[in-house]
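Peer 1: Could you look at this predicted model? Sequence included:
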Amino acid sequence: MAWIFDNPLSTMADAQQNKAAQDLWELERLGGLTEDNNRLPVPVVWLMALTIVTAFMITFPLWGQRPTAAIYQEQIRLMDTPEIQAIKDDKAAMEAINQKVQADTTYFAKYGPMIVRHPVSLDDLRMIKPQVEALEKAGKDLEEYSVIGNQVHLQNFQGNVKPDGSIERKQPWWDKGYTIDIFYLTAFCLSVMVVVKRLPPSSWQPKH
């Protein structure tokens, strides 16, 4: 039952254990099935790796960030400007607001991707405007508030402790669940490899 690490990608078992496994493999008929001792095809290994990477990427927190009140702050401010007020058609007014927002390179560089992913109509802005303005007057950080439908709510994230002792409520770029997933996926892959490599090396094939 010794563990051999001289060539772990071939086998981790000693010669005696491999011989015992080979004898059992030849003796056991497996219900009429004939199981060979082949390596896992390389494309299958790459497919598994691609599946894991893809699963992480499509659920990464940055891709699914909720819209915050901060991304609509400039649009709400522009609503009250004489130029926008003079436009009677809501759709045209919203297009003019979006053009001005995009022209503000500093603001759009920070919130542009979120604005594009979470477009709103002028009616949407009218519904959340009183709530956003109330938060501004109270000195709240609008990045800590999510826009859910026509309501603005404090986010339920638990982040770092701020200097005033309160808890930061901003969505993190990395989720603790991903750390847990990486640990268990690594443990799973290593466990499978160890179990397989305790068998006879793939260079040996049973005669059946």
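Peer 2: Structure received. Numbers count the residues shown, from 1 in each chain.

Peer 1: next helix or strand past the host helix or strand of Ala49?
Peer 2: Under the criterion of DSSP states H and E, Ala49 resides in helix 42-58. With elements assigned by DSSP H and E, the helix or strand that comes after helix 42-58 is helix 73-79.

Peer 1: Show me the contact partners of that next one.
Peer 2: With contact meaning C-beta atoms under 8 Å, 6 or more residues apart in numbering, helix 73-79 is reached by 84-85, 97-98, 100-101, 104, 107, 111, 120, 122, 125-126, 128-129, 132-133, 136, 142. C-betas here are computed from N, CA, C, even on glycine.

Peer 1: I'd like to know which elements the helix or strand where Gly177 lies is packed against.
Peer 2: Assigned by DSSP H and E, Gly177 belongs to helix 176-197. Here helix 176-197 touches helix 42-58, going by 3 or more C-beta pairs under 8 Å, 6 or more residues apart in numbering; DSSP states H and E.

Peer 1: Between helix 176-197 and the helix it packs on, find me the angle.
Peer 2: 170 degrees (axes from the mean of the first three to the mean of the last three C-alpha atoms, to 10 degrees).

Peer 1: With just CA atoms, put helix 42-58 into CSV.
Peer 2: Output of helix 42-58 as CSV, limited to C-alpha atoms (Å, rounded to 0.1, in the frame of the first residue of the first chain):
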residue,chain,number,x,y,z
VAL,A,42,-7.1,14.9,-23.9
PRO,A,43,-10.1,16.7,-25.5
VAL,A,44,-12.2,15.6,-22.5
VAL,A,45,-9.7,17.1,-20.1
TRP,A,46,-9.7,20.4,-22.0
LEU,A,47,-13.5,20.3,-22.2
MET,A,48,-13.7,19.9,-18.4
ALA,A,49,-11.3,22.8,-18.0
LEU,A,50,-13.3,25.0,-20.4
THR,A,51,-16.5,24.2,-18.6
ILE,A,52,-15.1,25.2,-15.3
VAL,A,53,-13.6,28.5,-16.6
THR,A,54,-16.8,29.3,-18.5
ALA,A,55,-18.9,28.7,-15.4
PHE,A,56,-16.8,31.1,-13.4
MET,A,57,-16.7,33.8,-16.2
ILE,A,58,-20.5,33.9,-16.8
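
Peer 1: Give the rounded mean pLDDT of that helix.
Peer 2: The average pLDDT within helix 42-58 is 90.

Peer 1: quick one: which helix or strand includes the closest residue in space to Leu199 that isn't next to it in sequence?
Peer 2: Take Leu199 and drop its neighbours on the chain: the residue closest to it by C-beta to C-beta, 6 or more residues apart in numbering is Ala21, 6.0 Å away. In the assignment (DSSP H and E), Ala21 maps to helix 15-27.
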